[in-house]
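Mind looking at a prediction? Sequence and model below.
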There are 2 protein chains.
Amino acid sequence: MSNNRYALIVAGGSGVRMGNQLPKQFLPLAGMTILMHTLTLFHRLNTMPSIYLVLPSQQFELWETLCLEHAFTLPHTLVEGGDTRFNSVQNGLNAMYGNGLVAIHDGVRPLVTPAVVEECYRVASEKGNAIPAIRPVETVRFGSPSSSLHMNRDEVWLVQTPQVFELNRIKKHYQCAWNEMFTDDASVAEANGDTINLVLGNPENIKITNPMDMALAEAIIKTVRI
Amino acid sequence: MSNNRYALIVAGGSGVRMGNQLPKQFLPLAGMTILMHTLTLFHRLNTMPSIYLVLPSQQFELWETLCLEHAFTLPHTLVEGGDTRFNSVQNGLNAMYGNGLVAIHDGVRPLVTPAVVEECYRVASEKGNAIPAIRPVETVRFGSPSSSLHMNRDEVWLVQTPQVFELNRIKKHYQCAWNEMFTDDASVAEANGDTINLVLGNPENIKITNPMDMALAEAIIKTVRI
């Protein structure tokens, strides 16, 4: 397999759930926007992936303005997003050429550790793919409110990103039609016949989608990371 | 069914996971200890439950000192804890007499909303039991790291407390021997033949078990609750 490494950062959010006009990936967090934290993390990896950032085209100008304001000059390729996350990932993958591995990552997950990302690339280089996941701390049940059963939580996994795949294989998988079961990239690969490999993630790797997440991200940066 | 209402607050933690000598239920949070927040919440309910607090006996003196320091005078009955959470709940239940409903709640969950607690009492008064649960925001998989399958997350529930039961029924269930599948009170009831009813919980109702949870609890109180 080629040693090429890519990172596809997907940031299509419109910010509706944040109760804020500014899309959530542009919200400030410890001196930078959330998205800049995420890009910086991938830029500093030993793996040194080529970074592709998928954004809605109407946000390109704002992003460029923010980069100027923050003197943010990390090299990356800007790709136009689609109407859905699925379409955005398709567009991002289609902008990449060559062989190797691609890490598909949510732009609003700035708190994954470099060690987890590197482990996903490493396992994927051996087994074809790898995604990070953590075990729930809560008791887990399965079913409906009136009819549910206790589950063995040792076998339950809460899935995060980055999700790493062989570029040409995931590109091909993404040629299929969208399906409502596609809640992440691994579910697209699985629906097309791949077996997914899990890597233990870090619990701080939250997806920032609401004000409580934002407060938690600030707290993590202040109290856990330092 | 009797209208008696009880609350059994279980606070047996030794604080090992917090990296702190002080057991986590005694850590300060917005001017009170965590445990005082929890007791205050139950004390203010329209339901007005009789409150029982289970603590390891070696923590009684510290608790009384803290109550004096904070001029904390809410009425509650102190019950000696056991070696495990299971034993502590047994001791608490055995200290209660009469008919009615008991809400069994983790002392380190101060952020459940009164509305969720009242709804659990209400549904339990109709159906015999009720527990709060929320849906995961993440994609969920089931299995082992090398062999897992994507789950329909609409059917996955992350369980919280308070868990409300008919007092005499759960007291009887708790006479059974401990089993490693008992990760909460509902799993004890289920193993003894009960069907469990789920009520939608509030996502801020976290169990404070590590420093990250502590930071999140502070952030919730500061930014979401006010």
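In hand now; what should we look at?

to the chain's geometric centre, what's the distance from the least confident helix or strand in chain A by mean pLDDT?
Taking mean pLDDT, DSSP states H and E as the measure, chain A has helix A:211-219 as its least confident helix or strand, at a mean of 86. Offset of helix A:211-219 from its chain centre (C-alpha atoms, centre = their mean, to the nearest Å): 18 Å.

and the closest residue to A:Pro132 other than its chain neighbours, what does it touch?
In this structure, A:Pro132 finds its nearest non-sequential neighbour in A:Gly201, 3.2 Å apart by C-beta to C-beta, 6 or more residues apart in numbering or on different chains. Using the backbone N, CA and C atoms, a C-beta is placed for each residue, glycine as well. For A:Gly201, the contact set (C-beta atoms under 8 Å, 6 or more residues apart in numbering or on different chains) comprises A:112, A:116, A:132-134, A:160.

Turn those into JSON lines, including neighbour count, pLDDT and secondary structure.
Formatted as JSON lines, the contacts of A:Gly201 follow (neighbours: other C-beta atoms under 10 Å in any protein chain shown; pLDDT from 0 to 100; DSSP: H, G, I helix; E, B strand; the rest coil):
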{"residue": "A:Val112", "neighbour count": "24", "pLDDT": "97", "secondary structure": "coil"}
{"residue": "A:Val116", "neighbour count": "18", "pLDDT": "98", "secondary structure": "helix"}
{"residue": "A:Pro132", "neighbour count": "26", "pLDDT": "98", "secondary structure": "strand"}
{"residue": "A:Ala133", "neighbour count": "22", "pLDDT": "98", "secondary structure": "strand"}
{"residue": "A:Ile134", "neighbour count": "19", "pLDDT": "97", "secondary structure": "strand"}
{"residue": "A:Gln160", "neighbour count": "27", "pLDDT": "98", "secondary structure": "coil"}
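
ok, those vs A:Ile220, which is closest?
A:Val112 (11.5 Å; C-beta to C-beta).

wait, isn't that closest one in contact with A:Leu45?
No. Here A:Val112 does not reach A:Leu45: they are 10.7 Å apart, not a contact under C-beta atoms under 8 Å.

can you give me phi and psi for A:Glu190?
Backbone torsions of A:Glu190, given as degrees, to the nearest 10, read phi -60, psi -40.

Quickly note the distance from it to A:Asn202.
Separation of A:Glu190 from A:Asn202 (C-beta to C-beta, to the nearest Å): 23 Å.

ditto for A:Ala11
Applying C-beta to C-beta, the value for A:Ala11 to A:Asn202 is 21 Å.

out of these two, which sits in the busier spot?
Using other C-beta atoms under 10 Å in any protein chain shown, the more surrounded residue of A:Ala11 and A:Asn202 is A:Ala11, with 26 against 15.

contacting residues around that one?
A:23, A:25, A:35, A:53-55, A:81, A:106-108.

Just the ones of the residues you listed in helices?
In helices, judged by DSSP state H, the following of the contacts of A:Ala11 are found: A:Leu35.

on that earlier part again, and the angle for the least confident helix or strand of chain A with helix B:211-219?
120 degrees (axes from the mean of the first three to the mean of the last three C-alpha atoms, to 10 degrees).

what packs against helix A:211-219?
strand A:28-29, helix B:211-219 (3 or more C-beta pairs under 8 Å, 6 or more residues apart in numbering or on different chains; DSSP states H and E).
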